[in-house]
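Asker: Got a predicted model here, sequence first, then my questions.
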Amino acid sequence: MSTQHLNGAAYLAHGGTRPTRVRIVHIGLGNFHRAHQAWYTAHAADAADWGIAAFTGRSADQADLLAPQDGLYCLVVRGEAADRVEVVPSVVEVHDGARLDRLTQVLADPDVAIVTLTVTEAGYLLTPAGDADLAHPAVAADVTELTEGHPSGRHPTTALGRLLLGLDARRRAGGGPLAVIPCDNIPGNGAYVRRGLLSLAGAVSAPLAAWITAHVSFVGTSVDRITPRIHSTVPAVEDAGWVDRSPVVTEPFSDWVLSGAFPAGRPAWETAGARFVDDLEPWENRKLWLLNGAHSILSFAGLTRGLTTVAEAIADGECRALVDAFWDEAVQALPEGIEHVEYRAALIRRFANHRIEHRLAQIAADDATKVRYRFAAVAEASLDRGVDPAASAAGIAVWIDAHRRGVLPGPAPADPLDTAAMLAAVSSRLTASAPFLRRIDDELTALHRTTASATR
């Protein structure tokens, strides 16, 4: 089959259709956004009305790759037996995140109703309490840049600093209300980002903080779609007739649960499978604990065993046993009525899909943050219920052990040989529990014995 370079003209010539105006701004353009929020928008019944202007985060690479393609890209949905390729048309503009002139222009436009974010928890640069980390050099520099009357103009570099600049432009232009929708794996992400943004605004401009309070809603979300980095070419894209500089590979499964207000409207995402609920927390915890918690266990234990992918790790008996035990403990902390039996079965099928090369080293990044929200949160919930958090302790022990062996990609948050210091990095409450500390030490001793026995 002959191939064509993917761009707007070629796509339209093939019978494709695209939105004609921008109504959503996205900050943090990456593979997950393109497999998830952009895909849901493209599949909504009213997709023609909801174009996305996407801005990169720390790197301009995706803008450089996608701009010549007019924002179009191929999404490769990788099942257990075959690939299915579709061109996603919802991203109609792509820009380097440093293009603040265009960011402020689109956010001032009253047609824009939504801002979505995928910048990771670390990318928000907030304190553990959820306030702007004013001691961080980049945040401190943004406060200076955003303060009225800065002699060289205003050029913030952080995600929230740039969002704040755009919202200020909207305030000045009378652009009206809108919704901010963080789509990162953070419990209570809507409230978390609201507090952080208002904290930053308060350090810059009291009138701006008041305007945000009155005109901006913050929507909480739970997002789910495994989207690994691509480490090789994707023949299915060429087979579909396209030359694509930045395709995305993802799994067939997807899930999106949202809770909050949309004062300027939203796409009919429910027609693409999204769910809107009044109480997000149970769904959020189900996903964070069962999917993400299992991913973290598999990454820590799998890397220790010399494994490289999720599919390899879930096929390992000891890794699987750690996951099953943790799930048994975690589901006890979910409210009654939150389905988890079929969800667990589906997760095993998803993890076992060897054609999705979800690499353990990728999952292991930002490990302390993930341990805090996954294992430590379940341990604390178990203690609240009077349940022995044995499986959570085992998960934390596997994490500490992986740092002691030097198999994780980033630095440890404390001396890995100091169990209490490592635990303090993820939960002050658990650190204060002498029995929990002893259990972790017992688990670490057992891990050491198992490894020593296996190497004899």
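Answerer: That came through, no problem. Residues are numbered from 1 along each chain as shown.
Asker: measure the residue nearest the centre of the chain to residue 407 for me?
Answerer: In the chain, the C-alpha nearest the mean C-alpha coordinate belongs to residue 184, at 3.3 Å (CA atoms, centre = their mean). According to CB to CB, to the nearest Å, residue 184 and residue 407 sit 25 Å apart. Just so you know, the C-beta spots here come from the backbone N, C-alpha and C atoms, and that holds for glycine as well.
Asker: quick one: pLDDT of the nearest residue to residue 32 once chain neighbours are set aside?
Answerer: Using CB to CB, 6 or more residues apart in numbering and skipping residues adjacent in sequence, the residue nearest residue 32 is residue 227, 4.9 Å away. pLDDT, residue 227: 92.
Asker: Show me the shaky parts of this protein.
Answerer: Within the chain, the segments meeting pLDDT under 70 span 1, 149-152, 450-456.
Asker: Could I get the full set of strands for it?
Answerer: Here the chain has its strands, by DSSP state E, at 4-5, 22-27, 51-55, 73-78, 83-88, 91-95, 114-117, 178-182, 216-218, 220-224, 242-243, 248-250, 255-259, 275-276.
Asker: and the last one, how far out from the chain's middle?
Answerer: Between the mean C-alpha location of strand 275-276 and the chain-wide mean there is a distance of 18 Å, by CA atoms, centre = their mean, to the nearest Å.
Asker: I would like the residues contacting it, please.
Answerer: Counting by CB atoms under 8 Å, 6 or more residues apart in numbering, strand 275-276 makes contact with 256-259, 270, 283, all of which sit outside it.
Asker: Let's see that with 10 Å instead.
Answerer: 219, 222, 255-260, 262, 266, 269-270, 283 (CB atoms under 10 Å, 6 or more residues apart in numbering).
Asker: Among the residues you listed, which one lies nearest to residue 309?
Answerer: residue 255 (21.7 Å; CB to CB).
Asker: Pretty sure residue 284 is one of the things the closest one touches, is it not?
Answerer: No - applying CB atoms under 10 Å, one finds residue 255 not in contact with residue 284, separated by 11.2 Å.
Asker: Please identify every residue contacting each of these two.
Answerer: By CB under 10 Å, 6+ apart, residue 255 and residue 284 have these common neighbours: 222-223.
Asker: More neighbours: which of those two?
Answerer: Legend: neighbour count by other CB atoms under 10 Å for residue 255 and residue 284, higher for residue 284 (23 against 18).
Asker: Which residue, neighbours along the chain excluded, lies closest to the more buried one?
Answerer: Nearest one to residue 284, counting by CB to CB, 6+ apart, is residue 222 at 4.4 Å.
Asker: ok, residue 446 to residue 398 distance?
Answerer: Taking CB to CB, one finds residue 446 at 11 Å from residue 398.
Asker: try residue 72
Answerer: 42 Å.
Asker: ok, now how distant is residue 422 from residue 5?
Answerer: Residue 422 is 50 Å from residue 5, by CB to CB.
Asker: More neighbours: which of those two?
Answerer: residue 422 (24 against 12).
Asker: still on that earlier bit, and residue 365, which of the strands of the chain is closest to it?
Answerer: When these are compared (using CB to CB), the closest one is strand 220-224, at 17.2 Å.
Asker: And the helices in the stretch 201-350 of the chain?
Answerer: Here the stretch 201-350 of the chain has its helices, by DSSP state H, counting those that start in this stretch, at 206-215, 235-239, 281-285, 293-304, 310-314, 317-331, 341-352.
Asker: Convert the C-alpha atoms of stretch 317-330 to CSV, please.
Answerer: Provided in CSV are the C-alpha atoms of stretch 317-330 (Å, rounded to 0.1, in the frame of the first residue of the first chain):
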residue,chain,number,x,y,z
GLY,A,317,4.3,-16.2,40.5
GLU,A,318,5.9,-14.1,43.3
CYS,A,319,4.9,-10.8,41.7
ARG,A,320,1.4,-12.0,41.0
ALA,A,321,1.0,-13.1,44.7
LEU,A,322,2.1,-9.7,45.9
VAL,A,323,-0.5,-8.1,43.7
ASP,A,324,-3.3,-10.4,44.7
ALA,A,325,-2.6,-9.9,48.4
PHE,A,326,-2.5,-6.2,48.0
TRP,A,327,-5.8,-6.2,46.1
ASP,A,328,-7.5,-8.3,48.8
GLU,A,329,-6.5,-5.7,51.3
ALA,A,330,-7.3,-2.7,49.2
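Asker: quick one: contacts for residue 410?
Answerer: 361, 364-368, 403.
Asker: how about the nearest residue to residue 189, chain neighbours excluded?
Answerer: Nearest residue to residue 189, sequence neighbours excluded (CB to CB, 6+ apart): residue 182, at 4.3 Å.
Asker: and the gap between residue 84 and residue 449?
Answerer: In terms of CB to CB, residue 84 sits 47 Å off from residue 449.
Asker: Domain ranges for this structure, per the record?
Answerer: As assigned by automatic domain parsing, the chain contains the domains 4-276, 281-454.
Asker: what about the first one, how long is it end to end?
Answerer: Meaning domain 4-276. Its first and final residues considered, domain 4-276 spans 39 Å by CA to CA, to the nearest Å.
Asker: and if you look at stretch 126-137?
Answerer: 12 Å.
Asker: For that stretch, list every residue counted as buried.
Answerer: Neighbour counts over stretch 126-137 (16 or more other CB atoms under 10 Å) mark 126, 130, 132-133 as buried.
Asker: Reformat those as JSON lines; add distance to residue 413.
Answerer: Output for the buried residues of stretch 126-137, formatted as JSON lines (distance: CB to CB, whole Å):
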{"residue": "126", "distance to residue 413": "16"}
{"residue": "130", "distance to residue 413": "19"}
{"residue": "132", "distance to residue 413": "21"}
{"residue": "133", "distance to residue 413": "16"}
